[in-house]
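Peer 1: Sequence plus the predicted model coming up.
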Amino acid sequence: MSELQRKLILLEEKQRIYRELSAVKADFASRGWFPGTSGNLSMRVGDYSPESFTFAVTASGKDKAASTPEDFLLVDETGKACEPTALKPSAETLIHCEIYRLTGCGAIFHIHSVFNSLVSELYWDRRAVPIEGVELIKAFNIWDEEAVIDVPIVSNFADIPRIVPEVTDRLNPRIPGILLRKHGIYAWGRDAFEARKHLEAFEFLFEYAYRLKLVRG
Ligand SMILES: CSCCC(=O)C(=O)COP(=O)(O)O
Ligand SMILES: [Zn+2]
């Protein structure tokens, strides 16, 4: 294959991924999942190896409810833009880089919600949110009867590179999500469909865990 053909294929894939991310972004915005410009989304583009990969990520600080031609940019495995652009990648791009490196997943979605923030603080002392025997655990492809899972919680430092080693230490390959304390959830999957499914399941389970704690006292 010529260099030109390779470039054209990459361009087509980039456009397809931007369209897919745009649809996810609009859907999440309609659910109120991006309060105050928070949240960020990414999808991997092209070939993958843990040492070298490319992904499309939301530009930093944008109103994620608006759709513009400047919503996404391509970055490499170090989080640096891989094309000339005035756009700034999400401030949390390094967390995406680490999750791609560790899991080889295809899409990562990050949102802030009241319930994910509440449980991340309520269960901070055990550094994980326990979920016991709830049917929706099956959304994570865990089919054991009365399965018990722990969703890891890591520190929320203002200096994002300080968060990365905690993600490295705590990410559990069985659980496609990680909470940042009093901040939000990162959920991922092999593609956008699966990452969205996981995110929806986490949000359901966090509301359940919060309400259960409330009624049990
Ligand atoms: C305004 S919320 C603070 C930053 C944040 O947590 C977030 O998710 C959005 O940051 P980005 O740089 O991706 O816009
Ligand atoms: Zn955030």
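Peer 2: Sure thing, it's come through. Numbers count the residues shown, from 1 in each chain. Ligands and ions are numbered 1, 2, ... in the order given.
Peer 1: Report how many residues lie close to Asp47.
Peer 2: 9 (other C-beta atoms under 10 Å). For the C-beta atoms, the positions are set from N, CA and C on the backbone; glycine is no exception.
Peer 1: by contact count, what packs against the biggest helix by length in the chain?
Peer 2: Assignment by DSSP state H gives helix 3-30 as the longest helix of the chain. Secondary-structure packing of helix 3-30 (3 or more C-beta pairs under 8 Å, 6 or more residues apart in numbering; DSSP states H and E): strand 40-49, strand 52-58, strand 72-76, strand 107-111, helix 192-216.
Peer 1: could you check whether the longest one is close to ligand 1?
Peer 2: So the one you mean is helix 192-216. No: residues of helix 192-216 are not located near ligand 1 by C-beta under 6 Å from any ligand atom, the shortest gap being 13.8 Å.
Peer 1: which parts of that helix are buried?
Peer 2: 192, 194-199, 201-203, 205-207, 209-210 (16 or more other C-beta atoms under 10 Å).
Peer 1: What residues does the spatially most central residue of the chain make contact with?
Peer 2: In the chain, the C-alpha nearest the mean C-alpha coordinate belongs to Phe109, at 2.9 Å (C-alpha atoms, centre = their mean). With contacts defined as C-beta atoms under 8 Å, 6 or more residues apart in numbering, Phe109 is in contact with Val24, Phe28, Gly39, Leu41, Ser42, Tyr186, Ala187, Trp188, Ala195, Arg196, Leu199.
Peer 1: Could you check how far it is from Asn156?
Peer 2: Remark: distance between Phe109 and Asn156 (C-beta to C-beta, to the nearest Å) = 18 Å.
Peer 1: now swap in Ala91 and tell me
Peer 2: Taken as C-beta to C-beta, the span from Ala91 to Asn156 is 13 Å.
Peer 1: The two: which is more packed in?
Peer 2: Neighbours per residue (other C-beta under 10 Å) separate Ala91 from Asn156, with Asn156 holding more: 17 against 12.
Peer 1: and the more buried one, what does it touch?
Peer 2: With C-beta under 8 Å, 6+ apart, Asn156 has these contacts: Ile163, Leu180, Arg181, Lys182, His183.
Peer 1: Could you say which helix or strand holds it?
Peer 2: Using DSSP states H and E, Asn156 maps to neither a helix nor a strand.
Peer 1: ok so, going back, tell me which of the buried residues of helix 192-216 is nearest to ligand 1?
Peer 2: Among these, Leu199 lies closest to ligand 1 (C-beta to the nearest ligand atom), at 13.8 Å.
Peer 1: Hmm, Ala107 and that closest one touching each other?
Peer 2: No: counting by C-beta atoms under 8 Å, Leu199 stays clear of Ala107, with 9.9 Å between them.
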